[in-house]
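Trainee: next come a sequence and a model predicted from it.
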Amino acid sequence: MSITLIKGGTVVSATGRVLADVLIDGETIVAVLDPESTLLGHDLASTADKVIDATGKYVIPGGIDAHTHMQLPFGGTFAADTFETGTRAAAWGGTTTIVDFAVQTAGGRIEDGLASWHEQAAGECAIDYGFHQIVGGVDADSLKALAKLPDEGVTSYKMFTAYPGVFMSGDGELLRAMQVAGENGLLTMMHAENGPAIDVIAEQLVAAGKTDPYYHGKARVWQMEEEATHRVIMLADVARAPLYVVHVSAKQAAAQIAAARDEGKNVFGETCPQYLYMSLEEHLGATSEEWGAFEGAKYVCSPPLRDSGERHQDHMWRSLRTNDLQMVSTDHCPFCQADQNELGRGDFRKIPNGMGTVEHRVNLMYQGVVTGEISLERWVELISTTPARMFGMYGKKGVIQPGADADVVVYDPNGHTSIGYDKTHHMNFDHSSWEGFEIDGHVDVVLSRGRVLIEDDEYHGEKGHGQFIKRGQSQYLI
Ligand code: URP
Ligand code: ZN
Ligand code: ZN
């Protein structure tokens with residue numbers, strides 16, 4: 001077994017920071033030591049197989065992105081990142097674990113969906129991975145299979161009040177699934193937008209000739225998100241099921257979650273970097289020489305980017321500070337502008353939904369530390385510790401302590417990262433969703449279970465290193 005010593009850095013956790021050395025034996029952290037300590041009786045640096053100098057840098061637990069969609073079938077095509085390309089790009093950006101979504105749709109079996117996602121990911125990933133289960137069809141068999149998912153290490157599942165005819169379930173189906181989930185220790189994740197009502201507005205916009213990507217945002221107004229969020233909170237309350245609302249974009253939806261939490265309900269909320277930084281006008285409404293008004297197709301995701309005049313972004317940052325929202329995941333689901341997004345030229349409804357962020361979440365959230373939106377400790381909590389606790393991985397993941405997997409990032413607060421397609425892009429699509437964003441920090445070294453994946457701006461990982469994580473129950477449930 002090889003011994004690695006990370007020396008001279010500031011170890012940052014969700015609760016504080018301390019100058020300390022981190023000793024790794026093989027795949028596992030075995031000690032976090034005072035740099036002056038002679039307790040172990042000898043100069044560790046002289047006996048370690050590898051010494052990483054972290055002087056002046058932060059040493060943090062590897063990022064955990066709990067919401068990705070590698071190679072997801074959507075809108076007649078597939079998300080462009082495979083498990084191989086997406087997890088490699090994640091590693092470049094300091095993310096050492098993803099939780100992706102296996103898919104079951106109406107008429108299909110949950111067991112088959114999960115097996116298929118296992119097949120797609122096995123031997124392909126550069127970093128460790130887990131699965132949530134998408135439940136798109138509720139019947140007696142799928143409810144039985146849902147109850148057994150925790151035995152497979154899948155302790156959370158996602159349902160939809162949006163995308164009629166694809167993933168959407170009716171209120172009765174949602175309630176039935178939540179009842180089973182509540183009884184079996186599963187966390188219900190919900191895409192909360194009123195899909196049928198959105199489809200009416202979208203149809204009216206297209207009939208009026210309003211077909212550009214910008215109108216994707218105009219169709220999916222915040223009222224649709226607030227209504228669905230309120231509804232699923234009420235359903236979860238009746239079902240006695242814990243609830244996690246994914247990709248919250250509207251301040252009114254965040255307020256619904258906050259109100260439920262204030263009443264003591266087991267309700268949690270996640271937002272995404274795009275809802276912290278991007279807007280309807282600037283991005284969905286963007287134009288370019290190459291694409292004209294279709295430039296905005298690069299930013300089509302659901303829920304949509306919101307009107308900056310409505311001041312959702314400020315509210316999202318504030319909600320993260322106050323813990324009204326607890327999580328930031330990417331909802332990574334990128335599509336190429338050419339050939340894939342182009343399916344929706346002349347009709348925004350046909351643009352496959354999703355953006356690509358898995359490589360940049362750790363950096364984008366660090367910029368929130370630089371601009372004073374969140375503290376350094378809250379950064380670590382958001383990018384690693386809370387996802388580990390929320391999704392049953394804490395102890396192995398999400399923390400630097402003896403016994404934990406040696407998933408470690410050395411982050412340089414004096415470094416710089418210019419995000420752009422020709423600069424930092426390792427994802428498998430033909431543009432950068434974050435072109436031109438500047439970060440006052442840099443991911444220097446990334447280790448996954450003791451193995452160096454990134455060092456000196458070079459990739460040293462390999463597909464197949466990443467292992468499936470059998471997850472336990474969310475730590476936030478009683
Ligand atoms: O636009 C999005 N969010 N695409 C991915 C699928 C989903 O709803 O999470
Ligand atoms: Zn969704
Ligand atoms: Zn998603």
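Mentor: Sure thing, it's come through. Numbering: from 1, shown residues only. Ligands and ions are numbered 1, 2, ... in the order given.
Trainee: how about the nearest residue to whichever residue of the stretch 101-250 of the chain sits closest to ligand 1, chain neighbours excluded?
Mentor: Relative to ligand 1, the nearest point of the stretch 101-250 of the chain is H191 (4.9 Å; Cβ to the nearest ligand atom). In short, each C-beta sits where N, CA and C put it, glycine included. Nearest residue to H191 in three dimensions, chain neighbours excluded: F160, at 4.3 Å (Cβ to Cβ, 6 or more residues apart in numbering).
Trainee: show me what from the stretch 301-450 of the chain comes close to ligand 1.
Mentor: Residues of the stretch 301-450 of the chain that fall close to ligand 1, judged by Cβ under 6 Å from any ligand atom: C301, S302, D331, C333, N353, G354.
Trainee: the first one touches G354, doesn't it?
Mentor: Same thing as C301. Yes: if you go by Cβ atoms under 8 Å, C301 and G354 touch, sitting 5.4 Å apart.
Trainee: shared neighbours of the two, which are they?
Mentor: Both C301 and G354 are contacted by D331, C333, under the criterion Cβ atoms under 8 Å, 6 or more residues apart in numbering.
Trainee: which bits of the stretch 51-200 of the chain sit near ligand 1?
Mentor: Proximity of the stretch 51-200 of the chain to ligand 1 (Cβ under 6 Å from any ligand atom) is limited to residues H69, H191.
Trainee: the stretch 51-200 of the chain: strands as residue ranges?
Mentor: In the stretch 51-200 of the chain, the strands defined using DSSP state E, counting those that start in this stretch lie at 58-61, 63-68, 73-74, 77-78, 95-105, 128-136, 156-160, 187-191.
Trainee: who does the residue nearest to H191 bridge with?
Mentor: Per DSSP bridges, the residues bridged to F160 are M168, H191.
Trainee: follow-up on the earlier one: format the strands of the stretch 51-200 of the chain as a markdown table; extra columns: mean pLDDT.
Mentor: Listed next are these as a markdown table, based on pLDDT from 0 to 100:
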| stretch | mean pLDDT |
| --- | --- |
| strand 58-61 | 99 |
| strand 63-68 | 99 |
| strand 73-74 | 96 |
| strand 77-78 | 98 |
| strand 95-105 | 98 |
| strand 128-136 | 98 |
| strand 156-160 | 98 |
| strand 187-191 | 98 |
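Trainee: among the ones you listed, which is the most enclosed?
Mentor: strand 63-68 (a mean of 29; mean count of other Cβ atoms under 10 Å).
Trainee: mind checking the end-to-end distance for stretch 376-395?
Mentor: Stretch 376-395 has an end-to-end distance of 21 Å (criterion: Cα to Cα, to the nearest Å).
Trainee: could you measure from H42 over to T4?
Mentor: The gap separating H42 from T4 is 16 Å, by Cβ to Cβ, to the nearest Å.
Trainee: okay, those two: which has more neighbours?
Mentor: T4 (22 against 8; other Cβ atoms under 10 Å).
Trainee: for the more buried one, give me its contacts.
Mentor: L23, I24, A48, D49, K50, V51, I52, A406, L447, G450.
Trainee: got the phi/psi numbers for the fourth one?
Mentor: Okay, so that is D49. phi -70, psi -30 (degrees, to the nearest 10).
Trainee: rewinding a little: wait, doesn't the residue of the stretch 101-250 of the chain closest to ligand 1 sit right on M159?
Mentor: Yes: using Cβ under 8 Å, H191 is in contact with M159, at 7.3 Å.
Trainee: give me the common contacts of the two.
Mentor: The contact sets of H191 and M159 overlap at F167 (Cβ under 8 Å, 6+ apart).
Trainee: returning to that earlier point: quick one: the residue nearest to H191 and F167 touch, right?
Mentor: Yes: if you go by Cβ under 8 Å, F160 and F167 touch, sitting 4.1 Å apart.
Trainee: quick check: neighbours shared by these two?
Mentor: I134, G136, H191.
Trainee: grab the nearest non-local neighbour of the second one.
Mentor: Meaning G136. In space, G136 is closest to T105, 4.0 Å off (Cβ to Cβ, 6+ apart).
Trainee: that neighbour against V166, yeah?
Mentor: Yes: in this structure, T105 is within contact of V166 by Cβ under 8 Å, at 7.4 Å.
Trainee: residues in contact with Y411?
Mentor: K57, Y58, V59, I60, G94, V362, Y366, G441, H442, V443, D444.
Trainee: and L325, how close does it get to T271?
Mentor: 5 Å.
Trainee: low-confidence ranges, this protein, go.
Mentor: 1, 40-41 (pLDDT under 70).
Trainee: any idea how it splits into domains?
Mentor: 3-60+402-424+438-459, 62-390 (automatic domain parsing).
Trainee: ranking these by burial, who's on top?
Mentor: Of all these, domain 62-390 has the most neighbours on average by mean count of other Cβ under 10 Å, namely a mean of 21.
Trainee: contact partners for E227?
Mentor: N194, A197.
Trainee: is ligand 1 contacted by the strand or helix carrying it?
Mentor: Taking DSSP states H and E as the definition, E227 sits inside helix 222-239. No: in terms of Cβ under 6 Å from any ligand atom, no part of helix 222-239 sits within range of ligand 1; the closest distance is 12.1 Å.
Trainee: how far out from the middle of the chain is that helix?
Mentor: 22 Å (Cα atoms, centre = their mean, to the nearest Å).
Trainee: whichever helix or strand comes after that helix and ligand 1, any residue contact?
Mentor: Sequence order places strand 243-245 as the next helix or strand after helix 222-239, per DSSP H and E. No: Strand 243-245 lies apart from ligand 1 when judged by Cβ under 6 Å from any ligand atom; the minimum separation is 11.9 Å.
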